[in-house]
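Chemist: I need the structure of the sequence given here:
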Amino acid sequence: MLTANSHEEISVSAAVTAVTKMYSQTASRGRSARKSSRRDTAFQALGRHPEWWTGLALSTLSGFLWFLGCTPFDLSFLSWFAMVPLLCVLDRAATRKAASLLAWWTGTVAIGGGYYWMIELLGRFANLSLPLALFLYLVFSAYQGSVFLLFGWIVRSIRRRTPLPMILLAPLAGATAELVVPLVFPSHMAIVQAWHPLLLQIADLTGPIGVSALLLVVNGAIYDVLLQFRKKQRERWKLLAPAVAAFALVAAALTYGHFRMQHFDALSAAAPKLMVGVVQPNVPYNEKGLEHPEKAPGQLKDLQDQSRDLEKSGAQLIVWSETAYPYSLTRDFHADFPESDGRRMLRGFTTPTVVGALTRGDSTLYNSAFLIGRDGQGTGRYDKMRLLAFGETIPGVEHFPWLRGMVPEGFGNFTPGKDVTVLPLQAGDGPSWRVGAIICYEDILPGFLRRMGALHPHLYVNLTNDSWYGARAEPYQHLALAVFGSIEQRTGMVRAVNSGISAFIDANGRLVQQTEPIDPAVTPRPAESSLAAVPMLEAGHTVYAKVGELFARLCGLCTVVLLLRAIYTRYPASPYD
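Modeler: Predicted structure coming up:
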C-alpha cells in the first residue's frame, strides 16, 4: 500500500515540509511575545499570536485526514501521514495547554467527521430537535476526541524536555491514550486499516492498539525525516534512520501477516465445515413487532420463510438477528411453542436456530440469544452483558434521576447478563460444537471477546440491530471494528444484522461474504438470507487471548517513565533549539 501511494505521499510530504517551514518562521517571530503571554489562556492566545491560526489549520488538517482514511470514505493511505501536521503543532505550540487543546480539536474533527450519523441517531432514537441533536453530537465528538487530547498532552510534556524522536514517542503516547481513555463507542485508530488484513495480523499479538501504534511509528518517522530536512541535516544516517526503522517494522508486520494468514488458511481448509445461514429481516427501527403487535405475525413469517429456504440449501445452523423474534419471552422459557401457537419459532423447518429475543422477569428485561435445537428444546441461552449506554442502560441514573428523561420511555431499563456462556450445538449426527453468541457491539470489545474466547468456542455468532443508525456510515464502521475480533481469537465470526451489514468473517479477518446495508425506514426491502460454509476453529489460543493488553500496558509503563524523566529534567531540550 505504501508503494502504491508513493506519489501521493511524496507530494504530501513536500507540502507538509513547506507548511512546517512557514509555521516555524512565524513561530520564531512570535517567540518573544509568547514568553510574556504564557499565563494567557489558549483562546486568548489565539487572537494575539498569528501562529495559532497556522496551528489551528494544521490540527484541522490532521482531523480531516484521519476521518477521510476511515470507512466509508476508505482513503486508508492517508492514515500513514495523518498525524504529521499535528506533530508539527505539538512541537511548535506556545504552551502545553495550547498544544493539548489543538490536539483535542484534531480528535474532535476526526470523530465528528466519522460519526456524523450520530445526528440522525439522536433524532430517531430520542426524538430530539435538530439543534439539540447537533449540540449532543458535538459533545460526543469532543469526548471521543479526548484520546487525541491525552496523546497531545503526553507528546508535548515529554518532547519539550527530552529530545526523544517522534518515531518512538508517537506510538507510545498513542497506545497509552487508547488504553486508558474510556469511550462511549469503543474505537481505535487501527479502524482505518480494517480492509487490509495482511497488516492486521499482528492483532493476535497486540490487539488493535498494536496496529494503531504501527501507524504512528510511520507518522513519527515521516515527521522526524521532515524535521531533519528543515535543520539541513547533512549526516545521511541521521536523515535516513527513522525511515529505515519504520520501513523495517512495517516489513516485519507484513511478513508476519503473510505467514500467519498462510497458516490459518491451511488450518481452515483442513477443518470441519458447518453450513451456517443468516436471516436479515430488514425491519424498520420504528416498526418492530415488539412495539407493534399487529406486525409481529408477518415479521415472524418472514423469518420462517427465509429459514425454510436456508434449510433446503443445506444450512446446519441458522442465525436470526438481535431481537428479531417479534414477541417477548419469559425467563423460564426452555422450549419452542406448540404448532397450534402462533408464536412458534421453528415452523416448517427443524434446523437448529440462534434466536435473538427479549426476555422478561418480574421487574427485569434482558437482551437474550437462545439456541433452539431440532427437537424444539432450548439448549442454551446467553444474556447480553455489555449494555449500550443510554439505550439499554443509563449510566449514573441512580445518582442523577433526571438522566432518564433524556431517553424515550421504555429504554434504559435492561439488566445485564451475569456471565459469558457458549451455546452447545449438535449438528445432526455429526460432532458437537460450541457457539459463542455475542450481541450488538460486544463483537468490537476485545476484553469481552477474550472472556468468551477462554471458553474456546468454535464459532462466534454476532446478533445485531443497526437499523437505528441508518445505512451510510455506522454499519460499515461496526463491521470494520468487528474484523479485529476474528484475528484476535483466530476463529470465524458470523454476523446477523437486522438491516445489514450481515457478514461471514474468516479467522484472518477477511470478509468472505457480506450483504449491503439498507435503511428500511427509507428504502423498504423484503427479508433476505445468506449461506456459507464456516470452518470450525477453536478460539482463544492466541498470544493476545492469553496476555490481553500487555503490549499497550508496556507502552503505558514506558510513557510513565518518560513523563517522570521529563518532570525531573531541569532544562528544556526542544528539537527546535
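Chemist: check which helix or strand covers V354.
Modeler: When secondary structure is defined by DSSP states H and E, V354 falls within strand 353-360.
Chemist: my bad, should have said L199
Modeler: helix 197-200.
Chemist: returning to what we had before: the strand holding V354 packs against which elements?
Modeler: Judged by 3 or more Cβ pairs under 8 Å, 6 or more residues apart in numbering; DSSP states H and E, strand 353-360 is in contact with strand 317-320, strand 329-330, strand 365-372, strand 432-439, strand 459-464. Quick note: C-beta positions are derived from backbone N, CA and C, even for glycine.
Chemist: out of the ones you listed, nearest to G378?
Modeler: Between G378 and the helices and strands packed on strand 353-360, the shortest separation by Cβ to Cβ is 5.3 Å, and it involves strand 365-372.
Chemist: The closest one: partners in the sheet, and parallel or antiparallel?
Modeler: strand 353-360 (antiparallel), strand 378-383 (antiparallel) (DSSP bridges).
Chemist: pLDDT averaged over that strand - what is it?
Modeler: Mean pLDDT, computed over strand 365-372, is 96.
Chemist: now the angle from it to strand 432-439?
Modeler: With axes from the mean of the first three to the mean of the last three Cα atoms, to 10 degrees defining the directions, strand 365-372 sits at 160 degrees from strand 432-439.
Chemist: Give me the contact list for strand 365-372.
Modeler: The contact list for strand 365-372 (Cβ atoms under 8 Å, 6 or more residues apart in numbering) reads 322-323, 329, 331, 333, 336, 345-346, 352-360, 378-384, 387, 392, 413-415, 417, 423-425, 435, 437, 439-440, 461, 463.
Chemist: list the buried ones in it?
Modeler: Y366, N367, S368, A369, F370, L371, I372 (16 or more other Cβ atoms under 10 Å).
Chemist: what's the angle between it and strand 459-464?
Modeler: Using the same axes, to 10 degrees, strand 365-372 lies at 140 degrees relative to strand 459-464.
Chemist: okay, the helices and strands packed on strand 353-360 in CSV with distance to A248 next?
Modeler: Compiled in CSV, the helices and strands packed on strand 353-360 are given as follows (distance: least, Cβ to Cβ, whole Å):
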stretch, distance to A248
strand 317-320, 43
strand 329-330, 56
strand 365-372, 45
strand 432-439, 37
strand 459-464, 34
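Chemist: For A566, find the nearest of the ones you listed.
Modeler: Taking the helices and strands packed on strand 353-360 one by one with Cβ to Cβ, strand 432-439 is closest: 41.6 Å.
Chemist: Where do the domain boundaries of the chain fall?
Modeler: 6-31+41-265+550-567, 272-385+420-536 (automatic domain parsing).
Chemist: Ok, which of the ones you listed comes nearest F400?
Modeler: domain 6-31+41-265+550-567 (15.8 Å).
Chemist: ok, now which ones touch G376?
Modeler: Applying Cβ under 8 Å, 6+ apart, the residues near G376 are A335, D336, L346.
Chemist: could you redo the last one with a cut-off of 10 Å?
Modeler: If a contact means Cβ atoms under 10 Å, 6 or more residues apart in numbering, then G376 has A335, D336, F337, P338, E339, R344, M345, L346, T350 as its contacts.
Chemist: Quick check on it: phi, psi?
Modeler: phi 80, psi 0 (degrees, to the nearest 10).
Chemist: just how off-centre is stretch 386-394 within its chain?
Modeler: How far stretch 386-394 lies from its chain's middle: 17 Å, per Cα atoms, centre = their mean, to the nearest Å.
Chemist: With stretch 385-402 instead?
Modeler: With Cα atoms, centre = their mean, you get 21 Å for stretch 385-402.
Chemist: In PDB, could you pull the C-alpha coordinates for it?
Modeler: What follows is stretch 385-402 as a C-alpha-only set of coordinates in PDB (Å, rounded to 0.1, in the frame of the first residue of the first chain):
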ATOM      1  CA  MET A 385     -23.600  -8.400  29.400                       C
ATOM      2  CA  ARG A 386     -22.300  -5.200  28.000                       C
ATOM      3  CA  LEU A 387     -25.300  -2.900  27.700                       C
ATOM      4  CA  LEU A 388     -25.400   0.100  25.400                       C
ATOM      5  CA  ALA A 389     -25.200   3.400  27.300                       C
ATOM      6  CA  PHE A 390     -28.400   5.400  27.100                       C
ATOM      7  CA  GLY A 391     -30.100   2.700  25.000                       C
ATOM      8  CA  GLU A 392     -30.200  -0.300  27.300                       C
ATOM      9  CA  THR A 393     -28.900   1.300  30.400                       C
ATOM     10  CA  ILE A 394     -28.500   4.800  31.700                       C
ATOM     11  CA  PRO A 395     -25.100   5.300  33.400                       C
ATOM     12  CA  GLY A 396     -25.300   7.200  36.700                       C
ATOM     13  CA  VAL A 397     -29.200   7.200  36.800                       C
ATOM     14  CA  GLU A 398     -29.100   6.100  40.400                       C
ATOM     15  CA  HIS A 399     -27.300   9.300  41.300                       C
ATOM     16  CA  PHE A 400     -28.900  11.600  38.600                       C
ATOM     17  CA  PRO A 401     -32.500  10.600  38.100                       C
ATOM     18  CA  TRP A 402     -33.000  13.400  35.500                       C
END
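Chemist: What mean pLDDT does that stretch get?
Modeler: In the prediction, stretch 385-402 has an average pLDDT of 76.
Chemist: How about stretch 494-510?
Modeler: 97.
Chemist: same thing with stretch 227-236?
Modeler: If you average the pLDDT values across stretch 227-236, you get 70.
Chemist: Then stretch 100-111?
Modeler: 97.
Chemist: filter the contacts of G376 to the buried ones?
Modeler: D336, F337, M345, L346.
Chemist: which residues touch the last one?
Modeler: So the one you mean is L346. Applying Cβ under 10 Å, 6+ apart, the residues contacting L346 are 304, 307-308, 311, 318, 336-337, 339, 352-353, 355, 372-376.
Chemist: So A532, which state does it fall into?
Modeler: Following DSSP: H, G, I helix; E, B strand; the rest coil, A532 is assigned to strand.
Chemist: whoops, R161 was the one
Modeler: Under three-state DSSP, R161 comes out as coil.
Chemist: From P208, how far off is F259?
Modeler: 20 Å (Cβ to Cβ, to the nearest Å).
Chemist: Among those two, which residue is more densely surrounded?
Modeler: Shown here are F259 and P208; by other Cβ atoms under 10 Å, P208 has more neighbours (30 against 10).
Chemist: so what's E516 closest to, chain neighbours aside?
Modeler: Residue nearest to E516 in three dimensions, not counting chain neighbours: G500, with 5.8 Å by Cβ to Cβ, 6 or more residues apart in numbering.
Chemist: Give the burial count for the one you found, as a bare number.
Modeler: Residues near G500, counting by other Cβ under 10 Å: 26.
Chemist: hang on, the earlier thing: go through the helices and strands packed on strand 353-360 and name the closest to L138.
Modeler: strand 459-464 (26.8 Å).
Chemist: From the chain's centroid, how far away is the closest one?
Modeler: With Cα atoms, centre = their mean, you get 16 Å for strand 459-464.
Chemist: What strands line up against that strand, and which way round?
Modeler: Short version: by DSSP bridges, strand 459-464 pairs with strand 432-439 (parallel), strand 493-497 (parallel).
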